[in-house]
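In: Sequence isn't available, so here's the structure alone:
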């Protein structure tokens, strides 16, 4: 589903504040109560918000991610724009490491016409998408396959990835907190992502606007460890200052 920028901002406000009333949302978004209620109804039906009397909260917790299909649907249009921007920046005939995530899966779709790529991944969805391209090569890490999203995790995946040194690590993330920490939910997945970052000459982060101020339990890295960020909307405060201080190049794939 394509979400209106107002709906994405509504989600961001719920993430920032934990719980927020319909009246507060209407005031902060500059729209009517009726508009907010329609947006809340839609987002709740998709499982992206939980309603209570007079307000909303983001469902779930810091220890469990949303279902894979919910993540695919969340800001799908923004992820598609990010994917096109990443694909335009990736040269032909280079090596890549791609981790688990719906944004990296969107990037895999956008890389379908590239030639001479050698892609190493712990994401079976990415492998399935890119293996359809006979002009590139896909290498899949071994390990434990998570049934809910086809991600491969565990020490076997870490050991496998340590064999390589690639041109670009393209990573997705579950949340970026206001102190500049990149976070995810599964510590086994995090270990693989950290290894991916350590075995690349450049680290690119693909994160749509819903990831800013979203909380998760396990620290993956700091913004200072990222070379380039691809996102779909201008990051909210305090992230512009954090990104500038970290020396991260920001590529904005705006509509």
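Out: Good, I have the coordinates. Note that this is a predicted model, so its numbers are computed, not measured.
In: ok, residue 193 - how many residues close by?
Out: Each residue near residue 193 was counted by other Cβ atoms under 10 Å, and the total is 27. C-beta: built from backbone N, CA, C; applies to glycine.
In: Quick check: the residue nearest to residue 166 when sequence neighbours are not counted vs residue 53, distance?
Out: In this structure, residue 166 finds its nearest non-sequential neighbour in residue 95, 4.0 Å apart by Cβ to Cβ, 6 or more residues apart in numbering. Distance from residue 95 to residue 53, counting by Cβ to Cβ, to the nearest Å: 54 Å.
In: Report the next helix or strand after the worst-scoring helix or strand of the chain on mean pLDDT in sequence order.
Out: Within the chain, confidence by mean pLDDT, DSSP states H and E is lowest for helix 68-73 among all helices and strands, at a mean of 62. The first helix or strand that comes after helix 68-73 along the chain, using DSSP states H and E, is helix 76-89.
In: I'd like the distance from that next one to the chain centre, please.
Out: 12 Å (Cα atoms, centre = their mean, to the nearest Å).
In: can you check stretch 119-130 too?
Out: Chain-centre distance of stretch 119-130: 16 Å, with Cα atoms, centre = their mean.
In: Surely residue 206 and residue 168 touch.
Out: No: applying Cβ atoms under 8 Å as the test, residue 206 and residue 168 come out as separate, 11.1 Å apart.
In: Neighbour count: these two, which is higher?
Out: Ranked by neighbour count (other Cβ under 10 Å), residue 206 and residue 168 place residue 206 first, with 28 against 21.
In: Name whatever forms a beta bridge with the more buried one.
Out: residue 230 (DSSP bridges).
In: do you know how far residue 232 is from residue 139?
Out: The value you get for residue 232 to residue 139, if Cβ to Cβ is used, is 29 Å.
In: If you could redo that for residue 149, that was the one I meant.
Out: If you measure residue 149 against residue 139 using Cβ to Cβ, the figure is 20 Å.
In: before we move on, what about residue 50?
Out: Distance, residue 50 to residue 139, using Cβ to Cβ: 40 Å.
In: Quick check: what element follows whatever helix or strand residue 27 lives in along the chain?
Out: Element membership of residue 27 [criterion: DSSP H and E] is helix 22-29. Moving toward the C-terminus from helix 22-29, the next helix or strand (DSSP H and E) is helix 33-45.
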